[in-house]
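Peer 1: Need a 3D model of the sequence below.
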Amino acid sequence: MVLLEDETLRDGLQVESRIFSLDEKLEIFRQLAGAGISRIQIGSFVNPKRVPQMTGTEELIHAIRAQKANGPLLTALILNDKGLERALLCGIEHVSMSVSMSNTHSLKNAGKPAAEALLDMAALISQARGSGLAVRAGLQCSFGCVYEGAIAEEAVLTATEKLAEAGALEVNLSDTTGMANPLAVESLVRQVQREQSGLEISLHLHDTRGLGLANMFAGYQAGVRTFDVCTGGLGGCPFVRGAAGNVPTEDALQMFSSMGVETGIDLKKICATVGTLENILGRKLPGHMKTVLDAER
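Peer 2: Residues are numbered from 1 along each chain as shown. The predicted model follows:
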């Protein structure tokens with residue numbers, strides 16, 4: 001079985017100019033939960049002036065909890081100490097805490113050099129773990145940067161070691177710029193496995209160059225069982241030139257189902273959510289399986 005963490009409400013929306021209301025976000029959450037998604041990244045605790053779509057993350061979390069005690073695991077992204085403070089105040093129990101392997105991207109995304117950001121994040125992870133939070137540590141641009149080119153695997157391994165020592169339970173290798181290929185994914189995953197045998201590995205893959213599913217399969221072959229996805233293929237980094245969306249939830253689900261790998265997710269219900277998003281945004285999204293099901297009907 002694989003775990004597909006749906007990031008529609010965070011990565012999926014963060015580059016959209018059309019601001020989603022609290023009610024719209026709640027409806028998308030209900031649909032994702034109803035389709036069987038078991039882990040949802042609900043938003044990020046970042047400056048709303050820089051990422052307006054992430055305004056009201058606390059309110060969304062409170063509204064979800066007011067409706068139902070049980071449901072998917074809620075998680076959110078943290079980039080700094082202010083974000084951690086907000087996360088602790090709203091009572092979320094699982095967070096992603098992410099830094100970039102690229103100095104240029106780190107300056108654009110976090111406002112500080114990559115080396116400094118890594119040291120600060122390791123300290124922040126220790127603080128978060130001490131406060132009782134479950135932490136997934138992310139390494140953005142693990143497979144390359146559009147501004148700097150290739151990222152050395154050794155640098156990723158060193159960063160992974162620091163984050164694991166700080167207490168991270170999972171490391172998320174992110175292809176933020178969509179520059180990965182299947183061989184690179186398999187190589188890096190296997191090296192991290194050898195260096196950090198007790199650390200869970202997940203993958204965050206962008207489909208910028210059309211290799212998202214191929215890279216996901218390579219990760220699965222190497223032993224990864226947790227993958228980030230976005231319904232309809234929404235998403236992209238606002239601080240990466242030419243960034244495109246994530247692997248569509250429905251297409252990843254179809255790939256794994258066709259191989260006999262369970263996800264616990266209902267394809268028709270996820271494709272209905274794609275329809276909801278397309279109606280709100282007024283355009284067709286890049287995922288394939290809704291089009292396939294529509295044609296079959």
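Peer 1: Look at stretch 226-244 and report the distance between its end residues.
Peer 2: Terminal residues of stretch 226-244 are spaced 21 Å apart (C-alpha to C-alpha, to the nearest Å).
Peer 1: for stretch 193-210, same thing?
Peer 2: Stretch 193-210: ends 26 Å apart by C-alpha to C-alpha.
Peer 1: Kindly report the same for stretch 130-137.
Peer 2: Across stretch 130-137, the terminal residues are separated by 15 Å (C-alpha to C-alpha).
Peer 1: What residues sit buried inside that stretch?
Peer 2: Residues 133-137 are the ones in stretch 130-137 that count as buried (16 or more other C-beta atoms under 10 Å). C-beta: built from backbone N, CA, C; applies to glycine.
Peer 1: Could you do stretch 149-163 as well?
Peer 2: For stretch 149-163, by 16+ other C-beta under 10 Å, it's 151, 155-156, 159-160, 162-163.
Peer 1: any idea of the mean pLDDT for it?
Peer 2: Stretch 149-163 shows an average pLDDT of 96 in the prediction.
Peer 1: Report how many residues lie close to residue 266.
Peer 2: Applying other C-beta atoms under 10 Å, we find 14 residues neighbouring residue 266.
Peer 1: show me the contacts for it.
Peer 2: 35-36 (C-beta atoms under 8 Å, 6 or more residues apart in numbering).
Peer 1: On the pLDDT front, check it for me.
Peer 2: Value for residue 266, per-residue pLDDT: 98.
Peer 1: repeat for residue 20
Peer 2: Reported pLDDT for residue 20: 96.
Peer 1: hang on, it packs against residue 53?
Peer 2: Yes - shown here, residue 20 and residue 53 form a contact pair, counting by C-beta atoms under 8 Å, at 6.7 Å.
Peer 1: Give me the common contacts of the two.
Peer 2: In contact with both residue 20 and residue 53: residue 13, using C-beta under 8 Å, 6+ apart.
Peer 1: What segments of the stretch 151-297 of the chain are strands?
Peer 2: Using DSSP state E, counting those that start in this stretch, the strands assigned to the stretch 151-297 of the chain run over residues 170-175, 200-205, 226-229.
Peer 1: any idea which of the buried residues of stretch 130-137 is the one closest to residue 272?
Peer 2: residue 136 (28.4 Å; C-beta to C-beta).
Peer 1: which other residues reach the stretch of helix or strand that closest one belongs to?
Peer 2: Using DSSP states H and E, residue 136 sits within strand 134-140. With contacts defined as C-beta under 8 Å, 6+ apart, strand 134-140 is touched by 75, 77, 93-102, 105, 109, 121, 125, 128-129, 156, 159-160, 163-164, 166-174, 176, 202, 204, 237.
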